[in-house]
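Colleague: curious how this folds, go ahead:
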Amino acid sequence: MSHIYEDKIKNMGNAGRNGGEYYTPRPLITTIVKVVNPKIGEKIYDGACGSAGFLCEAFNYLKNRPSTGFGSGLSAKETEILQRRSFYDKEL
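Modeller: A predicted model of the protein is given here:
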């Protein structure tokens, strides 16, 4: 849904402007998430959520990181933290 919303907002420009003033392109979001390098257990907040692009990219980044425990993938505890205690947002 996030990608569909972003595609629509990107094409909604008026008077020659591109999209909404506050639209952040997905490649830029991905780069910002990599630079910030969030860790499981940290709280991730987006104060201007919109399409939730930052939260979606942060979720994917954390979900696909190697586990801190044994084996591959996230442990059950890490998955629970990621899904229930990591992401917060605000939007009008």
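
Colleague: pLDDT below threshold where in the protein?
Modeller: 1-2, 5-6, 8-22, 66-72 (pLDDT under 70).

Colleague: helices along that one, start to end?
Modeller: Along the chain, counting by DSSP state H, helices occupy 2-10, 26-36, 53-63, 76-84.

Colleague: give me the angle between the third one and helix 26-36.
Modeller: Note on geometry: by axes from the mean of the first three to the mean of the last three CA atoms, to 10 degrees, helix 53-63 and helix 26-36 are set 50 degrees apart in direction.

Colleague: quick check: buried residues in helix 53-63?
Modeller: Buried residues in helix 53-63, defined by neighbour count with 16 or more other CB atoms under 10 Å: 53-59, 61-62. Placement of C-beta: from N, CA and C, glycine included.

Colleague: helices or strands up against it?
Modeller: Contacts defined by 3 or more CB pairs under 8 Å, 6 or more residues apart in numbering; DSSP states H and E place helix 53-63 against helix 2-10, helix 26-36, strand 44-46, helix 76-84, strand 87-89.
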